[in-house]
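# Model the following, please.
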Amino acid sequence: MQVFHHVASLREALAEARRDGKTIGFVPTMGNLHDAHIELVNLARKQCDVVVVSIFVNRLQFGLNEDWDTYPRTMQADMAKLRAANCDYLFHPDEAEIYPNGMDEQTKVICPAMTDVLCGASRPGHFEGVTTVVAKLFNIVQPNKAVFGIKDFQQLAVIRRMVEDLCMPVEIVAAPVHREDDGLAMSSRNGYLSEEERPRVAILNQSLNWVSDEIKSGRKDFPALEDEARAKIEQAGFKVDYFSICNSKDLQPAAHDDSEITILGAMYTSGARLIDNVSLSV
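Residues are numbered from 1 along each chain as shown. From the prediction side, this is the model:
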């Protein structure tokens, strides 16, 4: 695995791969890699000749009082995992390389659709930071395919919309949610869970699946289902950020005749905010 800190040298290496007719797969991350990240790398490896992974903790997507300063940075362990997964190129830039004119003067990519609801409602400015940095990384790497996890369903939908709107020649590949044995979606923030609350956090996934089963059985009273699911999560001792039944494409509240539905939930533990989702065809 070759490691690059600078845009110019990474571009030079990738230009050579393109001249050889190789396809390029890209996995953007913020590091602190776990098995779910490696599954993204494995999927990129299956579909492309060359795999590029970026590790950059993007301050632009963190809001006030969020955990940018304390976000885990585990570079040596991350590199070992990427080598074991046969990653070809690791791009690990510093902030000045990504934002050479500073973040205050940075040209921003704004996707007005789907960014002020769900996670966007409680994290204002978050998706503006995501779309800006992902657009920059796409311009740097110029991949044929980029792999994102379905766990961050809203992020996936927003990036798909950005790629469509800006006519970017990148195929977005969605990777299934990688879960612990009890159903908890793997996340870098799971390390913030206390021993006492860890056995109870599966309630988020359980509530999502319960609502999915209720809809499959014929229930269409979506607001009532959302309220009942919120009550289940609160009874387990957690604060609900949101629990919403949405149209899978535009993330608007689901209509009774929608055929593709995604149920999305977010809750607060003592030290983390966890998100998850379940999709179904009706």
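# quick one, what contacts H34?
H34 sits next to 186-188 when contact means CB atoms under 8 Å, 6 or more residues apart in numbering. For the C-beta atoms, the positions are set from N, CA and C on the backbone; glycine is no exception.
# quick one, phi psi at D221?
Main-chain dihedrals, D221, degrees, to the nearest 10: phi -80, psi 70.
# Looking only at the worst-scoring helix or strand of the chain on mean pLDDT, what residues are buried by neighbour count?
Every helix and strand in the chain was compared by mean pLDDT, DSSP states H and E; the lowest is helix 119-122, with a mean of 94. Buried positions in helix 119-122, judged by neighbour count with 16 or more other CB atoms under 10 Å: 119-120.
# what's next to that helix, contact-wise?
Residues outside helix 119-122 that contact it (CB under 8 Å, 6+ apart): 114, 126-127, 154-155, 241-242, 266, 275.
# Stretch 171-178 too?
By CB under 8 Å, 6+ apart, stretch 171-178 touches 35-36, 39-40, 43-44, 47, 144-151, 156, 159-160, 163, 185-186, 276-277.
# can you tell me the average pLDDT over it?
Taken as a whole, stretch 171-178 has a mean pLDDT of 96.
# chain center to the lengthiest helix in the chain, what's the gap?
If you go by DSSP state H, the chain has its longest helix at helix 126-141. Centre-to-centre, helix 126-141 and its host chain are 13 Å apart (CA atoms, centre = their mean, to the nearest Å).
# Would you mind putting the CA coordinates of it into PDB?
Output of helix 126-141 as PDB, limited to C-alpha atoms (Å, rounded to 0.1, in the frame of the first residue of the first chain):
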ATOM      1  CA  HIS A 126     -23.300  19.100   8.600                       C
ATOM      2  CA  PHE A 127     -24.300  18.000   5.100                       C
ATOM      3  CA  GLU A 128     -22.800  21.200   3.600                       C
ATOM      4  CA  GLY A 129     -19.500  20.000   5.100                       C
ATOM      5  CA  VAL A 130     -20.000  16.500   3.800                       C
ATOM      6  CA  THR A 131     -20.900  17.500   0.200                       C
ATOM      7  CA  THR A 132     -18.100  20.000   0.000                       C
ATOM      8  CA  VAL A 133     -15.400  17.600   1.100                       C
ATOM      9  CA  VAL A 134     -16.800  14.600  -0.900                       C
ATOM     10  CA  ALA A 135     -16.900  16.800  -4.000                       C
ATOM     11  CA  LYS A 136     -13.300  17.800  -3.400                       C
ATOM     12  CA  LEU A 137     -12.200  14.200  -2.900                       C
ATOM     13  CA  PHE A 138     -14.000  13.100  -6.100                       C
ATOM     14  CA  ASN A 139     -12.200  15.800  -8.000                       C
ATOM     15  CA  ILE A 140      -8.900  14.700  -6.500                       C
ATOM     16  CA  VAL A 141      -9.300  10.900  -7.000                       C
END
